[in-house]
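Q: Make a model of this:
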Amino acid sequence: MKEGTAQKVSNALLSSVAGAASFLFSIVAFLYITEFNEQIVASIVAGAFCLLVSYIASERPNSENARALAALGDRLLAVEDGDLVSPAPDIVVRNMPAVAAAVDSLFAEVRSSIENAHALGMYDPVTSLPNRLHFRAEADKLLGERACGPADQPPAAMLFVDLDRFKAVNDSLGHARGDQLLIMVANRLRVVVSAEVTDNEVRRPLVARLAGDEFTLFFPTIGSPAEIERVARRIALAISEPFELHGHSVDIGASIGVAISPDHGTSIESLMRAADIAMYRAKSRGGGQHCLFSDELQREHQVKVETEQALTEAVHRGEFLLALQPQLSLRTGEVTGAEALLRWRHPRDGMRQPNSFIPVAEQTGIISEIGEWVIAEVASILGAWHREGNVHRVAFNVSPRQLDRSDFFSRMRQAFIDQQVPLSLVELEFTESAAMEVSETVLTEIAALRADGAKIAIDDFGTGYSNLARLRAMPLDRVKLDPSLIADIETSEKARVVVQAVVQLIHGVGCEIVAEAVETVAQADILRAMGVQTVQGFVFAHPMFEEEYREWVLNAENGGVRQRA
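A: Numbers count the residues shown, from 1 in each chain. Below is the predicted model:
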């Protein structure tokens, strides 16, 4: 009777141990292991161990086995305290060697899974560099050590590296090739950093991939700002060298922002923010270079943040207006249409020009909402004119951000349908860079608009890269010369030669030419002689709001402008 009772107690103990073990290992698996496959493996191992212990419970244990099982239970419960290292107790090894081996193997599997999960959580799987989480933790630790150090210690530096033209590589060669390029970039960064490290340097620089094509470096100690700028130049030069990628020679670059501690911040957040701001300045200058953060950049960034916040409410508050700048024929002096130009009636700053807020709107994506307002306003103006028998065409700019929306063209068409405006009164202007990069789907939509009567124009031609094949194939009516092309044609023979060559090129693809920002009669005369058909600019009229524009057009049709031209 006593023996049966002991066996029942022992079995109950084993069942409890088995249940506890299964539960604990399952908890460990799902708390510490992030990969689903690894979770399944760990759960199966835990279940198998539970079955093993249950099997042992079915055997008649002796007193030594009972003590071994009690020790095994204690060992398993030690998992609650985080002990995944200690081996099976000696008494289990002596009396149940197979069980001891299974326990040790199980803990080894769990430790390995946790280590793998930790590695996956701390390192970028493509480049094997530390990821954002790991980088922030390590950099924060190094900054904390600096905070406890002497006040006169050397400065530290944060570098933010963003690749130029990387998206084009992904689009043309595919993401697999893009990943290979990221690995090559990471290796070049390692080489540059290794060359800057001395043998007696205790705290080595950190190199990490934050996300996408963004990398960051942290130097715990630098000699001077000039020294870290030299390193930034070396990085820019290293990445500008062509990459050989499976038979393709790939040219990219890097825009690099530099921030120095303590001058630009003492926390990881402030330094990364400063380096990020400086990087965007380097990119706005054309890329392939570095920029050191400064107080001036901080002020500009603050203005940008305030502008962004104000823009989010500007449309709803009715703060935007459209000004109309007439376009005139150089042959006849007649008004052929107008370009709609955006103005912002800021509640504090007064009337703001587009160049003071459009770049911010483009960066933040607010331009899509603003663009919808512009289309609705142009449709309203043209609808009223059309009902009065006025057939002047109005041109407006289309942002690349608007083209990202799949419903852009349908919504735009509907806006003009609602106002009963024929598309023959509408002209869409695309920037040169956007025209060169739009997809075939967008080109098809543009061609459909043109077939229905709309005019299509490229704006600011001469400031970007033009693919002549795309220029010839694109559904296009007019090309607008960038003001920088014609600024010096009165005084510079070279400027006249360049403009004449561009005019011949545009005529060669069968398009009409419009010159913007014509400020003098002499410029207009030269452009007329070169074959430019249409102009707009201060020489004839400043941009004006609708009522003033209508009065001006009436006067122009009575011969006032034609005489001046």
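
Q: Any stretches of the stretch 1-150 of the chain with poor pLDDT?
A: Applying pLDDT under 70 to the predicted model, the residue ranges of the stretch 1-150 of the chain that meet it are 1-62, 79-81, 112-121.

Q: In it, what residue spans correspond to helices?
A: Under the criterion DSSP state H, counting those that start in this stretch, the stretch 1-150 of the chain carries helices at the ranges 2-32, 36-58, 63-77, 90-95, 97-122, 132-147.

Q: ditto for the stretch 451-565 of the chain
A: Counting by DSSP H, counting those that start in this stretch, the segments of the stretch 451-565 of the chain that form helices are 468-473, 483-486, 493-508, 521-530, 546-557, 560-564.

Q: How far off centre is the first one?
A: Relative to the mean C-alpha coordinate of its chain, helix 468-473 is positioned 28 Å out (CA atoms, centre = their mean, to the nearest Å).

Q: what's that helix in contact with?
A: 435-436, 443, 458, 505, 509 (CB atoms under 8 Å, 6 or more residues apart in numbering). (Each C-beta comes from the backbone N, C-alpha and C, glycine too.)

Q: any idea which of those residues is the one closest to residue 110?
A: For residue 110, the nearest member of the contacts of helix 468-473 is residue 436. The distance, counting by CB to CB, is 55.5 Å.

Q: which element is that closest one on?
A: Element membership for residue 436 (DSSP states H and E) is helix 432-437.

Q: Now do that helix: which elements does it pack against?
A: Of the remaining helices and strands, those touching helix 432-437 by 3 or more CB pairs under 8 Å, 6 or more residues apart in numbering; DSSP states H and E are helix 400-403, strand 455-461, helix 468-473.

Q: buried ones in that helix?
A: The neighbour-count criterion (16 or more other CB atoms under 10 Å) identifies 432, 434-437 as the buried residues of helix 432-437.

Q: Using CSV, write down the CA coordinates of that helix.
A: Extracted in CSV, the C-alpha atoms of helix 432-437 (Å, rounded to 0.1, in the frame of the first residue of the first chain):
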residue,chain,number,x,y,z
GLU,A,432,11.5,68.0,-67.0
SER,A,433,12.7,65.5,-64.4
ALA,A,434,9.2,64.1,-63.8
ALA,A,435,8.5,63.8,-67.6
MET,A,436,11.6,61.7,-67.9
GLU,A,437,10.7,59.4,-65.0
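
Q: average pLDDT for that helix?
A: Predicted confidence along helix 432-437 averages 84 (mean pLDDT).

Q: and what of stretch 374-392?
A: The predicted model gives stretch 374-392 an average pLDDT of 93.

Q: hang on, the earlier thing: could you point out which of the helices of the stretch 451-565 of the chain sits nearest residue 394?
A: If we rank the helices of the stretch 451-565 of the chain by CB to CB, the stretch that ends up nearest is helix 546-557, at 10.1 Å.

Q: Name the surrounding residues that touch that closest one.
A: 322, 324, 326, 328, 334-335, 338, 381, 392, 541, 544, 561-562.

Q: try 10 Å
A: Counting by CB atoms under 10 Å, 6 or more residues apart in numbering, the neighbours of helix 546-557 from elsewhere in the structure are 321-326, 328, 333-335, 338, 340, 377, 380-381, 384-385, 388, 390, 392, 540-544, 560-565.

Q: Generate a PyMOL selection restricted to the buried subset of these.
A: Command for PyMOL that selects the buried part of these, burial taken from 16+ other CB under 10 Å:
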select buried, resi 322+323+324+325+326+328+333+335+338+340+377+380+381+385+392+540+541+543+544+561+565
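
Q: mind listing which of the contacts of helix 546-557 are in strands?
A: Secondary structure assignment by DSSP state E places 321-326, 328, 335, 338, 340 of those in strands.

Q: For these, which two are the farthest from each other?
A: 321 and 328 (22.8 Å).

Q: for the helices of the stretch 451-565 of the chain, which one ends up most surrounded?
A: helix 483-486 (a mean of 19; mean count of other CB atoms under 10 Å).

Q: for the record, mean pLDDT for that one?
A: Taken as a whole, helix 483-486 carries a mean pLDDT of 92.

Q: still on that earlier bit, same list, the helices and strands packed on helix 432-437, but as TSV with mean pLDDT and distance to residue 555 please.
A: Converted to TSV, the helices and strands packed on helix 432-437 look like this (pLDDT from 0 to 100; distance: least, CB to CB, whole Å):
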stretch	mean pLDDT	distance to residue 555
helix 400-403	92	35
strand 455-461	93	25
helix 468-473	76	37
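
Q: Any idea which of these gets closest to residue 420?
A: Evaluated with CB to CB, these place strand 455-461 nearest to residue 420, the distance being 18.8 Å.

Q: List the buried residues for that closest one?
A: Of all the residues in strand 455-461, those buried under the rule 16+ other CB under 10 Å are 455-461.

Q: Please tabulate those in JSON lines, including the columns distance to residue 528.
A: Listed next are those as JSON lines, based on distance: CB to CB, whole Å:
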{"residue": "455", "distance to residue 528": "21"}
{"residue": "456", "distance to residue 528": "24"}
{"residue": "457", "distance to residue 528": "20"}
{"residue": "458", "distance to residue 528": "21"}
{"residue": "459", "distance to residue 528": "21"}
{"residue": "460", "distance to residue 528": "21"}
{"residue": "461", "distance to residue 528": "18"}
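
Q: what's the most distant pair in those residues?
A: Most distant of the buried residues of strand 455-461, by CB to CB, are 455 and 460, 16.7 Å apart.

Q: Apart from its chain neighbours, what residue comes closest to residue 239?
A: Leaving aside its chain neighbours, residue 239 sits nearest to residue 254 (4.2 Å; criterion: CB to CB, 6 or more residues apart in numbering).

Q: quick one: secondary structure of that neighbour?
A: With DSSP: H, G, I helix; E, B strand; the rest coil as the basis, residue 254 sits in strand.

Q: what residue ranges in the stretch 301-450 of the chain are flagged as low confidence?
A: Residues of the stretch 301-450 of the chain that meet the cut-off, pLDDT under 70, do not exist.

Q: mind listing the helices for it?
A: Along the stretch 301-450 of the chain, counting by DSSP H, counting those that start in this stretch, helices occupy 358-364, 367-387, 400-403, 408-418, 432-437, 440-451.

Q: and of those helices, who's closest to residue 185?
A: Ranking those by their distance to residue 185 (criterion: CB to CB) puts helix 432-437 first, at 22.9 Å.

Q: What are the contacting residues of the closest one?
A: Residues external to helix 432-437 that are found in contact with it (CB under 10 Å, 6+ apart): 167-168, 171, 397-403, 429-431, 442-443, 446, 456-467, 470-471, 474, 476, 479-480, 482.

Q: Give me the phi and psi for residue 158.
A: phi -120, psi 130 (degrees, to the nearest 10).

Q: For residue 471, see how far away it is.
A: The span separating residue 158 from residue 471 equals 42 Å under the rule CB to CB, to the nearest Å.
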